[in-house]
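Enquirer: task: produce atomic coordinates for the following.
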Amino acid sequence: PEIFYRLDQQIHHLMLDEFQDVSGAQWEVLEPLFAEIASKACAEHTALVVGDKKQSIYRWRGGDERIFDEIEQ
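Expert: Residues are numbered from 1 along each chain as shown. Alright, predicted model coming up:
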């Protein structure tokens, strides 16, 4: 929690590219940062996720394109 608190004080914009290939373990690390920034949702704090589920090629290393759908909600 302390690490996320410190990072949150410095991170204002978060862009996650090739998101269709994010694994569950990777999302577990990124999700608290994303959630904090998304909760502020203003010009000073933005989150952008870029990806294309049709291009998901890293299932063999845990990539889970379903996470892409879940964060939209």
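
Enquirer: in this protein, which helix has the most residues?
Expert: helix 24-40 (DSSP state H).

Enquirer: ok, whatever helix or strand comes next after that one: who's next to it in the sheet?
Expert: As assigned by DSSP states H and E, the chain's next helix or strand after helix 24-40 is strand 46-49. When pairing is defined by DSSP bridges, strand 46-49 lines up against strand 13-16 (parallel).

Enquirer: export the partner strand as PDB, just CAs?
Expert: Provided in PDB are the C-alpha atoms of strand 13-16 (Å, rounded to 0.1, in the frame of the first residue of the first chain):
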ATOM      1  CA  HIS A  13      -1.400   9.900 -16.600                       C
ATOM      2  CA  LEU A  14      -1.300   6.200 -17.200                       C
ATOM      3  CA  MET A  15      -1.200   4.700 -20.600                       C
ATOM      4  CA  LEU A  16      -1.200   0.900 -21.000                       C
END
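
Enquirer: thank you kindly, that will do.
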